[in-house]
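Peer 1: Take a look and give me a structure for this.
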Amino acid sequence: MTNIRAVQREQLKAFATGDIDRAQELGEAMPDEDWSGYRLLHAALFAVLLNDHFEGDISPQTIADFVARIRRDYRAAGIAFDSWTVEGVLRATT
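Peer 2: I've put the predicted structure just below:
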């Protein structure tokens, strides 16, 4: 029997470390009925990371500053980045 929580953690780790091929492989192997638990784990991780990063100051200006910094980092790396979507998601979840 597969330990789904370990697989879910492994997939999040693969995403976080940039191992997209491994993350996709794990996602494709995950049964449909396990996705709801994975989504809850992912949402919880996202909430914790937001709280840690913003340290309780989730003002519109703080979010805008954060997105601007990411936009600069992505532009410097030559990677496309949809800053409006990211800012919208951050504002909607706070």
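
Peer 1: for the protein, which spans come out with low pLDDT?
Peer 2: 1-4, 94 (pLDDT under 70).

Peer 1: For Thr17, grab the count of nearby residues.
Peer 2: 10 (other C-beta atoms under 10 Å). From N, CA and C alone the C-beta is placed, and that goes for glycine too.

Peer 1: for Ile58, same thing?
Peer 2: 16.

Peer 1: Helix, strand, or coil at it?
Peer 2: coil (DSSP: H, G, I helix; E, B strand; the rest coil).

Peer 1: That one against Asp52, yeah?
Peer 2: No - the pair Ile58 / Asp52 is not scored as a contact, 11.8 Å apart, by C-beta atoms under 8 Å.

Peer 1: Where do the helices of this protein begin and end?
Peer 2: 4-16, 20-29, 35-54, 60-77, 83-93 (DSSP state H).

Peer 1: could those helices go into CSV alongside mean neighbour count?
Peer 2: Formatted as CSV, these follow (neighbours: other C-beta atoms under 10 Å):
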stretch, mean neighbour count
helix 4-16, 15
helix 20-29, 13
helix 35-54, 12
helix 60-77, 13
helix 83-93, 13
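
Peer 1: what sits against Gly27?
Peer 2: Applying C-beta atoms under 8 Å, 6 or more residues apart in numbering, we find Gly27 in contact with Gln11.

Peer 1: Give me the distance between it and Phe15.
Peer 2: 9 Å (C-beta to C-beta, to the nearest Å).

Peer 1: next one: Arg91
Peer 2: Counting by C-beta to C-beta, the gap from Arg91 to Phe15 is 23 Å.
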